[in-house]
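S.K.: Below are the sequence and a predicted model for it; my questions follow.
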Amino acid sequence: MSLIDTARDATAVRGLALDGAGKAVLTYYDGTNGDLLVGRFNGAAWDTGAVDSYGDVGAWSAVAVQSDGALLELHYDATAADLKAGTWNAGVVGALDGNPRGRAQAPAAFSGVVGSASSIQWTWIDSASDELGWRLYGSANSTGPFTVVAGTTALPATAGTGTQRLYTETGLTAGTTYYRYAAAVSSGGTVTSPMAALFPFNTTDTAAPTALDNQAGEVVWRRAAGALYNVDFQDTGGSALAKFQVKASTVPLGAGPDVAPYTDVVLNILADTYTADWALPSSVFNAMLDGATHYISVRAYDGAGNVGVSSDVFTVLKDTTPPAFGDNQNGDLTRRAAAGTLYDVDVRDPSSGLERFQYSVSTTASVPDGSVVGWTDVPLGASTTAFLSDWAVAFASLVGDAPNYVSVRAWDRAGSTAALTDAFFVLKDTGGPSVGVTAPASAFRSALTALSGTAADPGGVGGVSVAVQTAPPAGLWFDGAAFTAGGPFWLGAAGTATWTFAGVPAWTDGGSFRVVARATDTLGNLSVAYSTADFAFDVTVPTAGVAAPADGSTLSSLPNLSGAAGDRGAGLALLEVRVRRLSDGLYWSWPTEAWGASALSTSPAVAANWTLPVPEALRASLASGASYFVSVRAVDAAVPANSGSLAVGSTFTWTDATAPAAVTNLSALTGPSPGTLQLSWTAPGDDGALGNVLLGTYRIHYSTDPAAAFSTSAAQVAFSTSGVSPGLRQGRLVTGLTAGATYHVRVFLADDAGNWSSLSNGATAYAGNQPFNKILGHVMKVSSEGVTAVKIEAYDASEVRVSQTFTLADGSGTFTLENVPDGAFKVQASWTADDVTSSVWLDGVAVGSYDVDFMLEINYTLSTLTGTLASLSAQSAHPAGFLVRAAEGGFSDARVDLLRRGFPVAQVRPDPTGRWSIPNLLPGKYSVRAFNGLEYTDPQDVELGEGETREVVFVFDPLPEASVFAFPNPARSKTTFRFVSALPGLEAQVTVFDIAGTLVKEIPGSAFVAKAGGVYHADWDLTNEDGESVASGVYLFMVKVKGNNGQSGKVVKKLAVVR
């Protein structure tokens, strides 16, 4: 450690720098005198002096050493409040490296090569990332002085690091040695390369480069470029190798003509030697001729422009053409039973020759997968350029009864390969036909006049033979006349694919037999598996009889039919029971539960002791005092079946003395209209509480006197019933009663035998009241058909209309005039038919009247309007999914309105299927519209003819344009397409195009989510078909829909994308 200044009061050191020799320079402040001082280290001691001593300069200062050795100082004059600077030649070494904080990385790998007799190309690696530029320094000797040859103007900065910088220095003298180094210039000064004193370069070079041939001539054929060759190059003249080239010729010694001219291989070598193996350029290899020997010559260049040529340094054999097949073999249509067939598929390669030839076998056409025979070599001779011999396949490995597809492939010595799929096929047939017996096909036979069966073979069936054995498996065999043979005796059958054998033996009842069949194909191959059928011969008829009902019995109860049945051979297969009514010879039809002329039977469960429950419908159909015949027969399991007779059975007489039970739960309610009662009860049985009432009669006795004597003879209401089961709910509306009066009611039931039930329980209710502020009635034709849409009006004595309505479409022409005040009124009915309006009226009709009926003497046949509202009908929907919304909730909110001159005159609601009808209309002009609970369709005009039934079809736009849109629009990150349609079986698609019409995105119907009301949504993430985000701009989107009713629609709109 050394002292710098002990004479002054040094209070602050503010500036410090290093000169080019690495010696320190500093500025500091004399706190006593207010002076700015400078100190320099000379290597042994410090030299100090004043920079400014004219006032309080302040404590702040800085110093730097410039490249020329001058000092630059900066300080603050506190007295004058000025920033001052000064520079002077202080005799220090100029700064090369500058401020370490701004210093750049020195250049690396500085070198030079001769460019010409008067130029050198200098190169170095840019190691700096923050340089301002480069300087090339030079001298005539290694010790300098060095001066700037090229500055930062000629050598500006480059971005990044690791790149090679080039500079060609011209105007040099041949034979002269030059000394150079490069420096990186930065804010911290210059940083030099380490090559300044180590790189003398002599521009004198007259020696040509030479080639060192380490590569023998090739014996390997090449089918592609890329092989590496060992030919080295060197330059001894000092200017270093620049590049080398190659050419190819089919003539030795480089004389030509050349198939490929000299072509650059490696450039900018910049070294005295090049020893790396190298490949021919693709352009040279591609220009070479197939099948030829090519002589390769090289020439090399050094930095002084000297050229060295070497001819025929090696040879190259080229063959890029794969082997070629000669398929002289068609598919072998002859079925082969043994090996030995040779096949004619040739292969050639005239250039490099054949290396390998293989075949494989597959059972699948056009699929050479070797599933039957893997790839197998066909032996070739040495150095073969053509294989023309016929050859065999591995016959034992082939699949029988199916085409064996033979494919081939080959390689040449250059490695090129070729393949031929399904060159031919082979049909192998070493297995015999399949054979089957179709008769006998059952375990028991009652007749068998011929044996029969089938046989099959892909190559054709040659013949079929059969053998028959009795008492198998140990019995004798049929020899064509009798069962005498000790082993199978084969007898020829007629036919091949289907065959028969008519020379059967005489079958014995109860005997067992075996039939064996075999076949041969057209090549003589015998069936691998024989077909065998065993059976027993059975001609015994099964027995059956009826035990209940007993023959000649009289019954009032018959829960079951029963009896016994049996068979000693094939066993029972079926029982048939038949019931006949003796009075008219009709039979009971079990399916329709009625008597008919067809003799139908039913089948109880097969059992030795069989039982058949008597259906309730049959029991109810038995008439009291009538006789019936029950018969049964059995059918066995033999083929054809042995069956008994239905001619014998059991006869019985039916009697019915039991009356139906009394009704016990009769109830009465006030009826829906004035003067009516609504009765209901549960039906009893035909015989007490049991049995269906096939034919019955109800009688109803009502009275306002609770003490009245109720009886069937005094009953006011009688009606018939049929097919009523016990417990079935019954009902009746009793009309013609006094409105508001209280009635007491009883009901009776008689069966078909006239047996009357006892008195029912009593029910009491008052008849419907006279309506308040209403007038009720009907408008009908004389035939009692109600007329729909007739205008009904009520007028007071001053001819002022007090109420108006129209007759309902209920088939009865019902009307109700509402809000009628007290008094008597004129009620007028007006109707229009074929544009002619007529009226009739009744005077003095009091409010509360409920039987105001008009009988119109008109001769028109009434008409009907009808149709269907259904989302799956042959209609589409509009607006906004009309039919879809109508169908929601079973059309509970939907209706169809009938209008005349724009005024509603009738309305109906569709049933749950969407079907609607407005009946009993007079001919004329109408309008009809539909309502779905939210909106109406447009009225549709209809001119209805007399007696016409008109189907009205509502036809709508399948894709309303107003319902199609994308939101948000404009879109930034995604958008949602929305539309409304109720087409049945909807298929939808959205396609997006740019403004030039190029497809951008397709969104299938499967991407859409269905909402209520026929609304469909699908999202788009604003990407194209490749998953890339689309650019900002205007796009077109097209929505297309189609239904299974043939209707379709299309709407195109715009979408903006803003990123």
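M.R.: On my side now, so go ahead. Residues are numbered from 1 along each chain as shown.
S.K.: any low-confidence regions in the stretch 101-250 of the chain?
M.R.: Along the stretch 101-250 of the chain, segments meeting pLDDT under 70 span 101-104, 117, 187-205.
S.K.: the strands in it, which residues?
M.R.: 108-116, 119-125, 133-139, 147-150, 164-169, 177-186, 189-192, 200-202, 210-213, 221-222, 228-229, 231-234, 241-249 (DSSP state E, counting those that start in this stretch).
S.K.: Now the longest one - C-alpha only, CSV.
M.R.: The C-alpha trace of strand 177-186 is given here as CSV (Å, rounded to 0.1, in the frame of the first residue of the first chain):
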residue,chain,number,x,y,z
THR,A,177,4.5,-10.7,-45.3
TYR,A,178,1.8,-8.7,-43.6
TYR,A,179,1.0,-8.5,-39.9
ARG,A,180,-2.6,-7.9,-38.8
TYR,A,181,-5.0,-8.2,-35.9
ALA,A,182,-8.7,-7.4,-35.4
ALA,A,183,-10.3,-5.4,-32.5
ALA,A,184,-13.9,-5.1,-31.3
VAL,A,185,-14.9,-1.5,-30.6
SER,A,186,-17.3,-0.8,-27.8
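S.K.: Against which helices or strands is that strand packed?
M.R.: Helices and strands touching strand 177-186, by 3 or more C-beta pairs under 8 Å, 6 or more residues apart in numbering; DSSP states H and E, are strand 108-116, strand 119-125, strand 133-139, strand 164-169, strand 189-192, strand 200-202. (Each C-beta comes from the backbone N, C-alpha and C, glycine too.)
S.K.: and if you look at the fifth one?
M.R.: For strand 164-169, the contact count by 3+ C-beta pairs under 8 Å, 6+ apart identifies strand 119-125, strand 133-139, strand 147-150, strand 177-186 as packing neighbours.
S.K.: Let's see it as CSV, backbone CA atoms only.
M.R.: Taking C-alpha atoms only, strand 164-169 is exported to CSV below (Å, rounded to 0.1, in the frame of the first residue of the first chain):
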residue,chain,number,x,y,z
GLN,A,164,-18.0,-15.2,-39.2
ARG,A,165,-16.8,-11.8,-40.3
LEU,A,166,-15.0,-11.3,-43.6
TYR,A,167,-12.8,-8.5,-44.9
THR,A,168,-10.8,-8.6,-48.1
GLU,A,169,-7.7,-6.4,-48.1
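S.K.: Is Ala519 in contact with Gly463, as I believe?
M.R.: Yes - between Ala519 and Gly463 a contact is recorded at 6.7 Å, counting by C-beta atoms under 8 Å.
S.K.: These two: who's more crowded?
M.R.: Ala519 (28 against 18; other C-beta atoms under 10 Å).
S.K.: Tell me who's in contact with the more buried one.
M.R.: 432-435, 455, 457, 461-465, 496, 526-527 (C-beta atoms under 8 Å, 6 or more residues apart in numbering).
S.K.: and if we set it to 6 Å?
M.R.: Pro433, Val435, Ala455, Val461, Val464, Ser527 (C-beta atoms under 6 Å, 6 or more residues apart in numbering).
S.K.: Looking at the residues you listed, which one is closest to Leu212?
M.R.: Pro433 (78.5 Å; C-beta to C-beta).
S.K.: isn't that closest one right next to Val461, touching?
M.R.: Yes - assessed by C-beta atoms under 6 Å, Pro433 is found in contact with Val461 at 5.0 Å.
S.K.: more neighbours, the two?
M.R.: More neighbours surround Pro433 than the other of Pro433 and Val461, with 27 against 23 (other C-beta under 10 Å).
S.K.: Just give the nearest non-adjacent residue to that one, would you?
M.R.: If the residues on either side of it in the chain are set aside, Pro433 comes closest to Asp457, at 3.6 Å by C-beta to C-beta, 6 or more residues apart in numbering.
S.K.: How about Gly736?
M.R.: Gly675 (6.4 Å).
S.K.: List the contacts of that neighbour.
M.R.: Shown in contact with Gly675 (C-beta under 6 Å, 6+ apart): Leu737, Ala739, Ala767, Gly768.
S.K.: in what helix or strand does the residue nearest to the third one when sequence neighbours are not counted lie?
M.R.: By the measure of C-beta to C-beta, 6+ apart, the closest residue to Ala767 outside its immediate chain neighbours is Leu737, 3.9 Å from it. Taking DSSP states H and E as the criterion, no element holds Leu737; it sits outside all helices and strands.
S.K.: Give me the pLDDT for Leu737.
M.R.: Listed pLDDT for Leu737 reads 90.
S.K.: burial count for it?
M.R.: Using other C-beta under 10 Å, Leu737 has 19 neighbouring residues.
S.K.: from memory it sits against Ala765, does it?
M.R.: No - between Leu737 and Ala765 there is no contact, the gap being 10.1 Å when judged by C-beta under 6 Å.
S.K.: rewinding a little: so which of the contacts of Ala519 are in strands?
M.R.: If you go by DSSP state E, those have Val435, Ala455, Val461, Val464 in strands.
S.K.: quick one, what contacts the second one?
M.R.: With C-beta under 6 Å, 6+ apart as the criterion, the residues that contact Ala455 are Pro433, Val435, Val461, Val464, Ala519.
S.K.: what about it, distance to Gly688?
M.R.: Distance of Ala455 to Gly688, given as C-beta to C-beta, to the nearest Å: 69 Å.
S.K.: Pairing partners for Gln121 in the sheet, please.
M.R.: Val113, Thr168 (DSSP bridges).
S.K.: what's around it, how many residues?
M.R.: Neighbourhood size, Gln121 [other C-beta under 10 Å]: 19.
S.K.: Let me see the contact set for it.
M.R.: Residues counted as contacts of Gln121 (C-beta under 6 Å, 6+ apart) are Val113, Gly115, Thr168.
S.K.: returning to that earlier point: between the contacts of Gly675, which is closest to Asp346?
M.R.: Nearest to Asp346 among the contacts of Gly675, counting by C-beta to C-beta, is Gly768 at 108.5 Å.
S.K.: Who are the contact partners of the closest one?
M.R.: With C-beta under 6 Å, 6+ apart, Gly768 has these contacts: Thr670, Gly671, Ser673, Pro674, Gly675, Thr676, Ala739.
S.K.: On the three-state scheme, the third one is what?
M.R.: Which is Ser673. coil (DSSP: H, G, I helix; E, B strand; the rest coil).
S.K.: and it, how far is that from Leu733?
M.R.: Counting by C-beta to C-beta - Ser673 and Leu733 are separated by 9 Å.
S.K.: do the same with the second one
M.R.: Look at Gly671 and Leu733: by C-beta to C-beta, they are 6 Å apart.
S.K.: Kindly report the same for the fourth one.
M.R.: Here the criterion is C-beta to C-beta. By it, Pro674 lies 13 Å from Leu733.
S.K.: rewinding a little: settle it for me: which of Gly671 and Leu733 has more neighbours?
M.R.: Of the pair Gly671 and Leu733, Gly671 is the one with more neighbours under other C-beta under 10 Å, namely 21 against 11.
S.K.: pull the CA atoms of stretch 550-562 into PDB?
M.R.: In PDB, the C-alpha atoms belonging to stretch 550-562 read as follows (Å, rounded to 0.1, in the frame of the first residue of the first chain):
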ATOM      1  CA  ALA A 550    -119.400 -86.400 -18.500                       C
ATOM      2  CA  ASP A 551    -121.300 -87.600 -21.500                       C
ATOM      3  CA  GLY A 552    -125.100 -87.000 -21.200                       C
ATOM      4  CA  SER A 553    -124.800 -84.700 -18.100                       C
ATOM      5  CA  THR A 554    -126.800 -81.600 -17.300                       C
ATOM      6  CA  LEU A 555    -124.600 -78.800 -15.800                       C
ATOM      7  CA  SER A 556    -125.000 -75.400 -14.300                       C
ATOM      8  CA  SER A 557    -121.300 -75.100 -13.500                       C
ATOM      9  CA  LEU A 558    -118.300 -76.000 -15.700                       C
ATOM     10  CA  PRO A 559    -115.000 -74.700 -14.500                       C
ATOM     11  CA  ASN A 560    -112.800 -77.000 -16.600                       C
ATOM     12  CA  LEU A 561    -112.700 -79.400 -19.500                       C
ATOM     13  CA  SER A 562    -110.500 -82.500 -18.800                       C
END
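S.K.: Brilliant, that's me finished.
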